[in-house]
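Colleague: fold the stuff below for me.
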Amino acid sequence: MKKILLGLLLLATKLTAQTVIIEEKIDNENSPAYFQYLPKSKKIVFCTSSKSNGNSAFTVDINGKKTFLYQNVNKMYADFSRTENSYKTVDLKDQGTYKFVLNGQEQSVTKEKLKNPNFSYFGSYDKNNVFDASGRPDKFSGSFNDLYVLGFTNSKNSWRIKDIEKEDVFLEIIEIKNNTNKRVKLEKPDFALLKGNQFSKSDYDLTFSCKLNNNENFDLITKSLSADSQTVVLYKSSYNFEGKKIKTQPFTLKLDNKYFITSTNGGGPRYNTSTQSMQSPRFVDESYALDVLSINNYYEDPQNGDMYIYGIFSDEAPKKIDAKALPKGFYVFKFDKGGNKLWESVNYIDGKDYFEKIRVSSAFQVNLLDYGKNLIFSSSVNSFTEFTNAAIIDKTSGSILKSSFIEYNNNLSHGKMSYFISNTYDFKELRNKTFSPICFAAVSINPKVMDYLKKIPEKGDRLYFETLYSDEGVWLVETDNKKYYKVVLFKD
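Modeller: Okay, the predicted model is just below:
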């Protein structure tokens, strides 16, 4: 009897290796347009459109419970605030108005109030809710909470801020409840910490990025890189909504016999270095330059404030910031919120011979994702070849629990702008299936995901996949972009 019970238990465990959270059909009245993971709520938000009935948005939790935010109305998207207690949407009947919804109560903010501020300093957040500082001046997905929309202007009340060191910068505060705005002078960061012969040279002026801390305050981020490229200091300055600095906390990273180099990690802006007509889609990663903010990025644990700062390094010292360098490996440094280093994990990236040919660090797309008790680090390249290197890192010790390397191809014919998921990367062992680079991290390090994908028949319409990483496991979003989409959860 015990053996039978044990067998049934093992069978049940195997059957629940993955769970279909939701499966929906696609047609003219139910066409998915957007999705994003909400880490605090532990839900995914979906936005859908209908040709005759209007648009809808809903969240789905780990149990598959759907909760509609709005249904069959003339609205578009549901972009959640940093608290996840409120969201904004666009009123399609009134193109000049944004609707902010908190506790079921809707407030309107007109575009007139939003036309001057530069919102790019607050960046944006991708489907995995990873911060990207290279936002557009007119997009404010990362710059609002339940109370305010925040941006910056210069002394002429324009979004064109050319030199933060020489000109006055003003914090623009749009109060959502009353559709009113206030303008206060920003207390500038300490430039003495960032400039001088002791620091590495850059082709670009000093700048900063910002992150909202719910409804309480925001952090203004600056960074310095030593002249020998072996010491980085990340300055995290907390500001109130009056533009006043509350405190500055430095986080110091040092490498021995290795050198910090830039990467496309979301830590800073990207500067276009070629005209659009000259950009090849295949080599688009090499068409822009980076500044000192792209030396690294960080993930802050929302529970205890621990900081995980990550990036890549070279064995060769670059001549200046973002100069050509040979990437060799990656690092993650863990600090407590007081700036005390808890551990560092410095690792070489295993690859094939062509890895040695990569001389442009911006070709490296770098991510660090929260994964329960662990972190997932991934570095992906889309250049003369395409591959993803991924590693599972223990949060407690910094130890590498598992690492992988997977090579794939970029086939632009797979993607269309009209598709719900328009990824273009395929892998020879998974025929008729298409992924994103971050997707391959899950494919290569989670055997449950690979087993599931291999069991899907190769015949029929091409399938498209995207992955979301969370405390609950890996959420795999699957669609053929024609008939259905669904979410499968792979628990650890």
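
Colleague: helices of the stretch 1-150 of the chain, start to end?
Modeller: 2-15, 111-114 (DSSP state H, counting those that start in this stretch).

Colleague: worst average pLDDT in the ones you listed?
Modeller: Mean pLDDT values for the helices of the stretch 1-150 of the chain show the minimum at helix 2-15, a mean of 43.

Colleague: stretch 300-316: end-to-end distance?
Modeller: 30 Å (C-alpha to C-alpha, to the nearest Å).

Colleague: can you give me the strands in the stretch 1-150 of the chain?
Modeller: 18-25, 31-38, 43-49, 55-60, 66-73, 75-80, 86-91, 97-102, 105-110, 124-125, 131-132, 148-153 (DSSP state E, counting those that start in this stretch).

Colleague: of these, which stretch is the most buried?
Modeller: Neighbour counts (mean count of other C-beta atoms under 10 Å) averaged over each of these peak at strand 148-153, with a mean of 23. Using the backbone N, CA and C atoms, a C-beta is placed for each residue, glycine as well.

Colleague: quick check: mean pLDDT of it?
Modeller: 95.

Colleague: following element in sequence after it, please.
Modeller: The element immediately downstream of strand 148-153 (helix or strand, assigned by DSSP states H and E) is strand 170-175.

Colleague: name the next helix or strand downstream of that following strand, please.
Modeller: strand 180-185.

Colleague: just list what whichever helix or strand comes after that next one packs against, helices and strands only.
Modeller: Once strand 180-185 ends, the next helix or strand along the chain (criterion: DSSP H and E) is strand 209-213. On a contact count with 3 or more C-beta pairs under 8 Å, 6 or more residues apart in numbering; DSSP states H and E, strand 209-213 meets strand 217-225.

Colleague: quick one: mean pLDDT over the helix or strand following the strand it packs on.
Modeller: Using DSSP H and E, the helix or strand that follows strand 217-225 in sequence is strand 231-239. In this model, strand 231-239 has an average pLDDT of 98.

Colleague: ok, back up a step: okay, the strands of the stretch 1-150 of the chain in CSV with distance to Asn178 next?
Modeller: Shown next, in CSV, are the strands of the stretch 1-150 of the chain (distance: least, C-beta to C-beta, whole Å):
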stretch, distance to Asn178
strand 18-25, 38
strand 31-38, 27
strand 43-49, 27
strand 55-60, 25
strand 66-73, 23
strand 75-80, 21
strand 86-91, 15
strand 97-102, 12
strand 105-110, 8
strand 124-125, 26
strand 131-132, 29
strand 148-153, 11
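
Colleague: nearest to Ser294 among these would be which one?
Modeller: In terms of C-beta to C-beta, the element of those nearest to Ser294 is strand 131-132, at 10.7 Å.

Colleague: which residues does that closest one contact?
Modeller: Under the contact criterion C-beta atoms under 8 Å, 6 or more residues apart in numbering, strand 131-132 has outside partners 123-126, 142, 211, 266, 297.

Colleague: which residues are in contact with Phe440?
Modeller: 378, 380, 388, 390, 406, 408, 425, 427.

Colleague: contact partners for the most centrally placed residue in the chain?
Modeller: What sits nearest the mean C-alpha location of the chain, by C-alpha atoms, centre = their mean, is Val130, with 2.5 Å. Val130 makes contacts with 266, 299, 367-369, as judged by C-beta under 8 Å, 6+ apart.

Colleague: which of those tops the neighbour count?
Modeller: Gly266 (26 neighbours; other C-beta atoms under 10 Å).

Colleague: for that residue, which non-adjacent residue is spatially closest?
Modeller: Asp132 (3.8 Å; C-beta to C-beta, 6 or more residues apart in numbering).

Colleague: what is that neighbour paired to in the beta sheet?
Modeller: Assessed by DSSP bridges, Asp132 has beta-bridge partners Ser124.

Colleague: which stretches of the stretch 301-450 of the chain form strands?
Modeller: All strands of the stretch 301-450 of the chain, identified by DSSP E, counting those that start in this stretch, fall at 307-314, 327-335, 341-348, 364-371, 374-382, 386-394, 400-410, 425-427, 430-435.

Colleague: each with direction, which strands does the longest one pair with?
Modeller: Put plainly, it is strand 400-410. Applying DSSP bridges to the sheet, strand 400-410 is found paired with strand 386-394 (antiparallel), strand 425-427 (antiparallel).

Colleague: Asn116 versus Glu165, what's the distance?
Modeller: For Glu165, the distance to Asn116 equals 21 Å [C-beta to C-beta, to the nearest Å].

Colleague: if you could redo that for Lys337, that was the one I meant.
Modeller: In this view, Lys337 and Asn116 are 34 Å apart by C-beta to C-beta.

Colleague: same check on Asp168?
Modeller: Asp168 sits 15 Å away from Asn116, going by C-beta to C-beta.

Colleague: picking up where we left off before, tell me which of Glu165 and Asn116 has more neighbours.
Modeller: Each of Glu165 and Asn116 has its neighbours counted (other C-beta under 10 Å); Asn116 has more, 18 against 13.

Colleague: check contacts around the more buried one.
Modeller: Residues near Asn116 by C-beta under 8 Å, 6+ apart: 151, 153, 157-159, 172.

Colleague: go again with 7 Å.
Modeller: By C-beta atoms under 7 Å, 6 or more residues apart in numbering, Asn116 lies in contact with 153, 157-159, 172.

Colleague: next one: Thr252
Modeller: By C-beta under 7 Å, 6+ apart, Thr252 lies in contact with 231, 233.

Colleague: Asn213 now?
Modeller: Asp219.

Colleague: please name the bridge partners of it.
Modeller: Asn213 has these beta-bridge partners by DSSP bridges: Asn217.

Colleague: neighbour-wise, which of the contacts of Phe440 leads?
Modeller: With neighbours taken as other C-beta under 10 Å, the top of these is Thr388, carrying 28 neighbours.

Colleague: cool, thanks, signing off.
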